[in-house]
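Enquirer: sequence? don't have it. structure:
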Ligand SMILES: CC(=O)CC(=O)SCCNC(=O)CCNC(=O)[C@H](O)C(C)(C)COP(=O)(O)OP(=O)(O)OC[C@H]1O[C@@H](n2cnc3c(N)ncnc32)[C@H](O)[C@@H]1OP(=O)(O)O
C-alpha cells in the first residue's frame, strides 16, 4: 500500500436548509473543494465515492451521485465517464466514502480519488421505538430490568420517564439506555454528560459552519427538555442538512503540485473500517476494535494523538468513546471530560468543531466534516478554535446500532503537513 494524502477538504454550513436540494449541496461543497485545491476543474479526479442516506433507493435515486454530479459534468467542472460509487452506511456513510477513496489511491490503482457526503435528514417518529429497543434490540439484556431502572431514575430526576421519549429517534433511546447502564455501573453522572455538551456548544460557537452557534451552560443542558432520559435536547445531535468532501491523492501526484499545495497536504496514517455485533456490555466495543487496528497499522498509540473529532450522537457517546478509543480507563470517561482535558486549551481537545451536538449531524456528510475540521486544525487554519501545533489527529465515526455496538465504525488517523 502507498502513502495517501488529503490534498483538499470542504464543508458547507450545517443546519436546517429547506431551500437547498441535494444537487445544490453537492455543487456548493464541490466548488469549495476545487477552490481549496486551487483547481479550476476536477479533470484530475479518477473516481468518486458519493455518500448519502436520505435520497431513497428506487429509480434515479439509487444512482444518487451520478444524478447530483450531472449538472457539474455538463459544465465541464467534473470529469465525464468516470466511476461514481454510491455509498450508504448510516451515520458512518461519509467515512465509508473516505475509506473507498483512500483505498483507490493506497492500492496504486489511482492517483486522485474524491470522497463526498451529501445529506438532508428526515427521521420520522416511531411511537413503538422504545419498546423495540428494550424488548428486541438489546436482546442479550434483561429488558424489564432496564425499563424499571429507567423509570426510577427518571422519577428521581423530577422528569418522569416517557415511554415515547421526547420526539427523538430510536438512536437516542439506544444511547440513553447505554448512558443509564454506564451511570449505574460506573457512577457516571448526568452532569458529566452535560459538561461534555456544554464544552462542545462552546467549541461550536466558534465554528462559522456549525448548526448551533450559541453557548449552552451545564445548568441549561441539564434543564433542557428530555429527549430520552438522561439525554436532553442540548445533549442530542440535531436534525439537519449539509455536505462535506475530501480529495485524496498519492505522494507521486502531490510531488507535482505547487509548493503552497504540498505545504497543506495532510497525510493519512490509517483508515480502518469495522462492523458491529451483539456483544456483552463488558466486551470491547466496536470503536475499541477499530482504534486498536488503526494504532497497529500506523505504529501510533493514544499518547501520540493531539486532538480528536469523535461521534457524539449524544454527549454521553463522547464519554464512552474516550474510554473505548484508549484515552480514558473503563468507567473513567466522565471524570476525564469533567477534568477539562478535552476542552480547547486542554491536554486532548475533543470535537473542536462543536461535534455532532453543536456543529450538526447530517448523517451522510458527518464523517467527512470530521476530516475537514481535522485538516483545518492540522494546517493551523481553524481560527478562534485552533489548538496549539497538533501533529496527529483522530476521527471516529459510527453508523447504526447493534445492541451495545455500532453497526459500523471508522477510525482514521491523520498527520499534520511536515513543511
Ligand atoms: C452509531 C450512531 O451513532 C448513529 C447515529 O449517529 S444516531 C444519530 C442520528 N440522529 C438522530 O437520531 C437525531 C436525533 N435528534 C432528534 O431527534 C431531534 O434533533 C431532537 C428530538 C433532539 C430535537 O428535535 P427538534 O424537532 O429539533 O426539537 P424542537 O423541540 O423543535 O426544538 C428545536 C430547537 O431546539 C434547539 N435545539 C435542538 N437541538 C439542539 C442541540 N443539540 N443543542 C442545543 N439546542 C438544540 C434549537 O434551538 C432548535 O431550534 P431550530 O428549530 O431553529 O433548529
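Expert: Here it is on my side, so go on. Since the structure is predicted, the reported quantities are computational estimates derived from the model, not experimental observations.

Enquirer: buried residues in the strand or helix carrying residue 254?
Expert: When elements are assigned from DSSP states H and E, residue 254 belongs to helix 251-255. Within helix 251-255, the residues that qualify as buried by neighbour count (16 or more other CB atoms under 10 Å) are 253, 254. No exception for glycine: its C-beta is placed from N, CA and C like everyone else's.

Enquirer: who's in contact with it?
Expert: With CB atoms under 8 Å, 6 or more residues apart in numbering as the contact definition, helix 251-255 has outside contacts at 2, 3, 5, 7, 44, 111, 112, 261, 262, 265.

Enquirer: So which of those belong to strands?
Expert: The members of these that map onto strands under DSSP state E are 5, 7, 112.

Enquirer: Return the set of residues that bridge with the last one.
Expert: By that I understand residue 112. With DSSP bridges as the criterion, the beta-bridge partners of residue 112 are residue 249.

Enquirer: How much space separates it from residue 202?
Expert: Residue 112 sits at a distance of 37 Å from residue 202 (criterion: CB to CB, to the nearest Å).

Enquirer: neighbour-wise, which of the two wins?
Expert: When residue 112 and residue 202 are compared on other CB atoms under 10 Å, the one with more neighbours turns out to be residue 112, at 21 against 17.

Enquirer: pretty sure that one contacts residue 105?
Expert: Yes. Using CB atoms under 8 Å, residue 112 makes contact with residue 105 at a distance of 7.4 Å.

Enquirer: for the chain, where's the lowest mean pLDDT among helices and strands?
Expert: Least confident element among the helices and strands of the chain, by mean pLDDT, DSSP states H and E: helix 129-132 (a mean of 40).

Enquirer: what residues does the chain put near the ligand?
Expert: If contact is defined as CB under 6 Å from any ligand atom, the residues of the chain in contact with the ligand are 16, 90-91, 123, 167-169, 171-172, 212, 216, 227, 233-234, 236-239, 311, 313, 357, 361, 363, 398-401, 406.

Enquirer: Show me these that map onto strands.
Expert: Using DSSP E, the residues of the chain next to the ligand in strands are 227, 398, 399, 400, 401, 406.

Enquirer: In the sheet, which residues pair with the second one? Tell me.
Expert: Per DSSP bridges, residues listed as beta-bridge partners of residue 398: residue 409.

Enquirer: who are the neighbours in contact with it?
Expert: Contact criterion CB under 8 Å, 6+ apart gives 91, 92, 286, 287, 311, 313, 317, 406, 408, 409, 410 as the residues in contact with residue 398.

Enquirer: do you know how far the first one is from residue 301?
Expert: Distance, residue 91 to residue 301, using CB to CB: 27 Å.

Enquirer: Compare these two (neighbour count), which wins?
Expert: residue 91 (28 against 11).
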